[in-house]
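J.: Okay, structure incoming, though there's no sequence with it:
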């Protein structure tokens, strides 16, 4: 299957592969208004592959500019991951991080957990074009036990595409599964990286992988940490021998004495 990608401003194509401070904000000021006029289209992304995006959405435009949410973690992951690595992407959304990680696993695999119908179908359509990416989409969320819950889509539809929270009462019906069970079903005994971004449901997701955590068979966890939930995630993983690191302005990891209100933490076994 072939698709036609839109033409981007030439200066943008020159800098897509470059990393520099405040890149996403600078590109948004320079190119945001122009490319937003393209609407929903196929476009060559900063990851160097075509993807379907809604360019009226600022967070989709970030995917065009370069590494989503900044370069530090993705640059670290590129060095860390073996070519045959196993990655769990929970909260895969439309694949904004996955499109990079999957390219670095030519003999490996990504398990992409995305319970939302709209995001899951969007991701499926993009992977149908990028057939060499080793990704399996699993239409479920991760939790401590098997359950039927709901996914409540909140926030502005033109805001962050991942603002969806698991709820018992509101939203579309979704399946919750345990990571341990899904790994066992695929005879996977070790995970190289778990990207954990499930909008406040992180502790429950971690509880569904306790056997792996106890034996430190998950080599790295990259988790979204917001307000008090960030400290809860840190405390929970500390009991299994994982230490929390953040990335500094140079892209180096350090152990923080105090957590910011909103950050992403990299957890590594001691």
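T.: Cool, the structure landed. None of the values given here were measured: they were computed from a predicted structure.
J.: ok, now which ones touch the closest residue to residue 81 other than its chain neighbours?
T.: Leaving aside its chain neighbours, residue 81 sits nearest to residue 104 (5.3 Å; criterion: CB to CB, 6 or more residues apart in numbering). All C-beta spots, glycine's among them, are computed from the backbone N, C-alpha and C. Residue 104 sits next to 77, 78, 81, 83, 85 when contact means CB atoms under 8 Å, 6 or more residues apart in numbering.
J.: go on, residue 20?
T.: Shown in contact with residue 20 (CB under 8 Å, 6+ apart): residue 26.
J.: for residue 267, same thing?
T.: By CB under 8 Å, 6+ apart, the contact set of residue 267 is 220, 221, 222, 223, 237, 242, 243, 244, 245.
J.: and the residue lying closest to the fifth one once chain neighbours are set aside, what element?
T.: Spelled out, that is residue 237. Spatial nearest neighbour of residue 237, excluding adjacent residues (CB to CB, 6+ apart): residue 267 at 5.1 Å. Element membership for residue 267 (DSSP states H and E) is strand 262-269.
J.: now swap in residue 63 and tell me
T.: Using DSSP H and E, residue 63 falls in helix 58-65.
J.: and that helix, what other elements does it pack with?
T.: helix 23-36, strand 50-54 (3 or more CB pairs under 8 Å, 6 or more residues apart in numbering; DSSP states H and E).
J.: which parts of the first one are buried?
T.: The one in question is helix 23-36. Going by neighbour count (16 or more other CB atoms under 10 Å), the buried part of helix 23-36 is 23, 24, 27, 28, 31, 32, 35, 36.
J.: got CSV for those residues, with pLDDT and distance to residue 46 too?
T.: Output for the buried residues of helix 23-36, formatted as CSV (pLDDT from 0 to 100; distance: CB to CB, whole Å):
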residue, pLDDT, distance to residue 46
23, 95, 9
24, 94, 10
27, 97, 9
28, 97, 13
31, 98, 12
32, 98, 14
35, 98, 12
36, 98, 16
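J.: Could you work out the most separated pair of these?
T.: Distance extremes for the buried residues of helix 23-36: the farthest pair is 23 and 36 at 17.8 Å, using CB to CB.
J.: Would you mark the buried spots in the helix holding residue 63?
T.: For helix 58-65, the neighbour count (16+ other CB under 10 Å) marks 59, 60, 61, 62, 63, 64, 65 as buried.
J.: sorry, back to before: and of the buried residues of helix 23-36, the nearest to residue 208?
T.: Nearest to residue 208 out of the buried residues of helix 23-36 is residue 24 (CB to CB; 32.8 Å).
J.: Quick one: residues contacting the closest one.
T.: 62, 65, 66, 70.
J.: I'd like to know which of these is nearest to residue 151.
T.: Of all the contacts of residue 24, the one with the least separation from residue 151 (CB to CB) is residue 62, at 22.9 Å.
J.: For the helix or strand containing residue 195, which strands pair with it and how are they oriented?
T.: For residue 195, the host element (DSSP H and E) is strand 193-196. Paired strands of strand 193-196, with direction, are strand 86-90 (parallel), strand 221-226 (parallel) (DSSP bridges).
J.: deepest of the ones you listed, which one?
T.: Ranked by mean neighbour count, the strands paired with strand 193-196 are led by strand 86-90 with a mean of 25 (mean count of other CB atoms under 10 Å).
J.: hmm, who's touching that one?
T.: For strand 86-90, the surrounding residues in contact (CB under 8 Å, 6+ apart) are 81, 97-98, 101-102, 105, 108-113, 141-142, 179, 188, 190-198, 205.
J.: any idea how far it is from the chain center?
T.: 9 Å (CA atoms, centre = their mean, to the nearest Å).
J.: swap in stretch 183-201?
T.: With CA atoms, centre = their mean, you get 12 Å for stretch 183-201.
J.: just stretch 198-209 next, same as before
T.: Put simply, stretch 198-209 sits 14 Å off its chain's centre (CA atoms, centre = their mean).
J.: Now that stretch: average pLDDT?
T.: Across stretch 198-209, the average pLDDT comes to 93.
J.: in it, what counts as buried?
T.: Counting neighbours by 16+ other CB under 10 Å, the buried set in stretch 198-209 is 198, 199, 201, 202, 203, 204, 205, 206, 207, 208, 209.
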